[in-house]
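In: Quick one, fold the following:
(chains A and B)
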Number of protein chains: 2
Amino acid sequence: MQASGLVPRWEPGARERLVIAAADLFTEQGYDATTVAQIAERAGTTKSTFFRYFPDKREVLVAGQETLSRLLAEGIAEAPQGASPLEAVAAGLERASDAMGPMNRELGPRLKAAVAASAELQERDALKSVGLAAAMTTALLARGVPDPTAHLAGELGVLAFKRGYAEWSEDERHAEDGLARFTLAALNELRAATVSLG
Amino acid sequence: MQASGLVPRWEPGARERLVIAAADLFTEQGYDATTVAQIAERAGTTKSTFFRYFPDKREVLVAGQETLSRLLAEGIAEAPQGASPLEAVAAGLERASDAMGPMNRELGPRLKAAVAASAELQERDALKSVGLAAAMTTALLARGVPDPTAHLAGELGVLAFKRGYAEWSEDERHAEDGLARFTLAALNELRAATVSLG
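Out: Residues are numbered from 1 along each chain as shown, chains lettered A, B, ... in the order given. The predicted model follows:
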């Protein structure tokens, strides 16, 4: 009695289940009221499994930040020599976006709800944005992009990533698409908007 | 035996002394190790005076955020009808900058040192930047500036404020100057940089 066609597109591992469980519990019952034991139980793992992946409950929701920063910076560093600042940022966005799969997409709305419900997570999330911008700015400066162009391009990169990620993850019609298309479209939109700043 | 010419340019009140004391103690001995009692003692006040101004030690360092957001938004809202998005942002920066006095200037390097030394304060500081950008973006959207131009202009406004504030507060030669000159110059520099984004 196997239901063909109902094979899940992906099978979350322990780490993924912990992230989903944490986001859902934070949203349902609040960040403060949620314990590591509850997260582990919801995810079907043990507390010691939790601590193998994360130092504490707050870090669950920003778990990918270091990887993301690294990918953005690598993409920028390896962009062709003649690439403009925004072309280099696009290469960074593409590198990072291509590493994002169905798990990241399904997490989007859950993370958003959890962050909206907790001042502490809002702070952690804000610091994440600052960290991503800094990673891109540093990589651009290393390419010889002068300041403040490098800072500006780094900020545009973060805005593009966040806007593209939101559009990708909040619309069921995009379930089969990769993230890159959305982050690159958002960057183009932002670039176009620079001419109407006045 | 009055030393003429040595009259201080400004005399900090209890609230100002508490902010300075907190920033200095955070830098000297770390954020975690600093208590409200120590801050109050250093400032020459009592704990109950502290709690009349601030809910906890962390809020000391972002005390001006709500005022700052309000002034930025008001300046944007009241800019002339035909003002471009960045001209409106400039009006917001000018309004907010004009409210900053010698106390804010002297605090700059102290705050920077305290924030650099504490992950918790970095998060609070990052959230402050996000809040200021949101305040400006919301005010721009209310003027009819379309998205994503409004978001972009809001981010430029925050970058300009931070860059201008840093230059103003980190150079003793600027002690007699107002902040507005520096935030507006930074905004112009960022606007000029948009053409080299590529």
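In: What is the worst-scoring helix or strand of chain A on mean pLDDT packed up against?
Out: In chain A, the helix or strand scored least confidently by mean pLDDT, DSSP states H and E is helix A:102-116, which has a mean of 86. Counting contacts by 3 or more Cβ pairs under 8 Å, 6 or more residues apart in numbering or on different chains; DSSP states H and E, helix A:102-116 packs against helix A:14-29, helix A:119-142, helix A:149-170. Using the backbone N, CA and C atoms, a C-beta is placed for each residue, glycine as well.
In: Would you mark the buried spots in that helix?
Out: For helix A:102-116, the neighbour count (16 or more other Cβ atoms under 10 Å in any protein chain shown) marks A:103-108, A:110-112, A:114-115 as buried.
In: same deal with stretch A:176-183?
Out: Neighbour-count burial for stretch A:176-183 [16+ other Cβ under 10 Å]: A:179-180, A:182-183.
In: okay, among those residues, which ones form the most distant pair?
Out: The distance between the two most remote of the buried residues of stretch A:176-183 (Cβ to Cβ) is 7.3 Å, for A:Ala180 and A:Phe182.
In: what do the two both touch?
Out: Jointly contacting A:Ala180 and A:Phe182 under the rule Cβ atoms under 8 Å, 6 or more residues apart in numbering or on different chains are A:Ser97.
In: rewinding a little: what about the helices and strands packed on helix A:102-116, which gets the closest to B:Ala22?
Out: helix A:119-142 (18.2 Å).
In: Quick one: list the elements packing against that closest one.
Out: Using 3+ Cβ pairs under 8 Å, 6+ apart: helix A:119-142 touches helix A:65-77, helix A:85-98, helix A:102-116, helix A:149-170, helix B:119-142.
In: Report the distance from the fourth one to the chain centre.
Out: Averaging C-alpha coordinates over helix A:149-170 and over its chain gives two centres that are 10 Å apart (Cα atoms, centre = their mean, to the nearest Å).
In: That helix versus helix A:119-142: what angle between them?
Out: 130 degrees (axes from the mean of the first three to the mean of the last three Cα atoms, to 10 degrees).
In: Any chance of CSV for the buried residues of stretch A:176-183, columns pLDDT, secondary structure and distance to B:Gln122?
Out: As requested, those are exported to CSV (pLDDT from 0 to 100; DSSP: H, G, I helix; E, B strand; the rest coil; distance: Cβ to Cβ, whole Å):
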residue, pLDDT, secondary structure, distance to B:Gln122
A:Leu179, 95, coil, 27
A:Ala180, 96, helix, 30
A:Phe182, 97, helix, 29
A:Thr183, 97, helix, 26
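In: could the residues you listed be laid out in a markdown table, adding distance to A:Ala119?
Out: Shown next, in a markdown table, are these (distance: Cβ to Cβ, whole Å):
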| residue | distance to A:Ala119 |
| --- | --- |
| A:Leu179 | 28 |
| A:Ala180 | 33 |
| A:Phe182 | 28 |
| A:Thr183 | 28 |
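In: now, which of those residues sits nearest A:Glu172?
Out: The closest of those, once distances to A:Glu172 are taken by Cβ to Cβ, is A:Phe182, at 14.1 Å.
In: Not counting residues beside it along the chain, what's closest to that closest one?
Out: Spatially, and ignoring its direct neighbours in sequence, A:Phe182 is nearest to A:Gly164 (3.6 Å; Cβ to Cβ, 6 or more residues apart in numbering or on different chains).
In: Isn't that neighbour up against A:Leu184?
Out: Yes - between A:Gly164 and A:Leu184 there is a contact at 7.3 Å, judged by Cβ atoms under 8 Å.
In: shared neighbours, the two?
Out: A:93, A:97.
In: Between these two, tell me which one has more neighbours.
Out: A direct count of neighbours by other Cβ atoms under 10 Å in any protein chain shown for A:Gly164 and A:Leu184 places A:Gly164 higher, at 22 against 18.
In: okay, now A:Ala88: neighbour count?
Out: 25.
In: Once you drop chain neighbours, what's closest to it?
Out: Closest to A:Ala88 by Cβ to Cβ, 6+ apart is A:Ala79, at 4.1 Å.
In: Nearest to chain B among the buried residues of helix A:102-116?
Out: Proximity of those to chain B (Cβ to the nearest Cβ) peaks at A:Val115, which lies at 11.2 Å.
In: how near is that closest one to A:Ser169?
Out: Separation of A:Val115 from A:Ser169 (Cβ to Cβ, to the nearest Å) stands at 13 Å.
In: How about A:Lys128?
Out: With Cβ to Cβ as the criterion, A:Lys128 and A:Ser169 are 16 Å apart.
In: what about A:Leu86, distance to chain B?
Out: Using Cβ to the nearest Cβ, to the nearest Å, one gets 5 Å for the distance from A:Leu86 to chain B.
In: which residues does that residue contact?
Out: Residues near A:Leu86 by Cβ under 8 Å, 6+ apart: A:153, A:156, A:187, A:191, B:197-198.
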